[in-house]
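Need a 3D model of the sequence below.
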Amino acid sequence: MYSLRVAQIKPKLDLDDPLRQPRLLAAAFVLYGLVATVFLAINMPPFQNPDEPNHFLRAAQLADGGLVGTRFSTTGGNGLPLLTAGGLADPAIMMALAPFNALPFHFDRRARQRTGNRASIGPASV
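Predicted coordinates:
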């Protein structure tokens with residue numbers, strides 16, 4: 001009595017689509033960003049960059065709801081006033097970052113996981 005017809009929809013490749021090139025560029029940009037992020041995440045050890053502790057503290061400030069940092073004046077190591085920016089950080093986070101202060105610019109050292117909740121700094125394995 002009744003017959004069921006299923007229409008087959010064939011995708012049409014429209015080479016004249018004006019949005020084709022921007023879409024391809026956007027896809028290439030996303031692909032490049034993913035590959036670069038994975039490469040850097042694998043090849044750059046944790047806290048090896050000189051400003052990584054600052055990024056970690058900023059992330060902690062954002063997690064606590066501090067969206068905007070504040071500017072304040074501090075005294076540098078040479079006794080001259082410095083204008084710095086940031087915010088208050090939990091002292092426990094500062095103590096957790098202390099073992100990593102020896103890592104920047106020392107590519108022969110790596111952060112290692114020890115038993116317990118503390119990190120140890122050791123020589124890099126080849």
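
make it CA atoms for all contacts and neighbour counts henceforth
Will do.

and residue 82, what element?
strand 81-86 (DSSP states H and E).

mind listing what's buried in that strand?
Buried residues in strand 81-86, defined by neighbour count with 16 or more other C-alpha atoms under 10 Å: none.

what separates it from the chain centre, distance-wise?
24 Å (C-alpha atoms, centre = their mean, to the nearest Å).

So which elements touch it?
strand 70-75 (3 or more C-alpha pairs under 8 Å, 6 or more residues apart in numbering; DSSP states H and E).

Specify the beta-bridge partners of residue 84.
residue 72 (DSSP bridges).

Also residue 110?
Beta-bridge partners, per DSSP bridges, of residue 110: residue 122.

still on that earlier bit, CA-only coordinates of the helix or strand just after the strand holding residue 82 in CSV, if you can.
As assigned by DSSP H and E, the chain's next helix or strand after strand 81-86 is helix 91-97. Extracted in CSV, the C-alpha atoms of helix 91-97 (Å, rounded to 0.1, in the frame of the first residue of the first chain):
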residue,chain,number,x,y,z
PRO,A,91,50.7,32.3,51.4
ALA,A,92,50.3,28.5,50.9
ILE,A,93,50.6,29.1,47.1
MET,A,94,53.8,31.1,47.6
MET,A,95,55.2,28.2,49.7
ALA,A,96,54.2,25.7,47.1
LEU,A,97,56.0,27.7,44.4
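
which parts of helix 91-97 are buried?
So, applying 16+ other C-alpha under 10 Å, buried residues of helix 91-97: residue 97.

Give me the buried positions along the longest helix along the chain.
Counting residues, the longest helix in the chain under DSSP state H turns out to be helix 20-43. Judged by neighbour count (16+ other C-alpha under 10 Å), helix 20-43 contains no buried residues.

other SSEs contacting it?
For helix 20-43, there is no helix or strand it packs on, judged by 3+ C-alpha pairs under 8 Å, 6+ apart.

For residue 97, which non-adjacent residue is closest in space?
residue 53 (6.8 Å; C-alpha to C-alpha, 6 or more residues apart in numbering).
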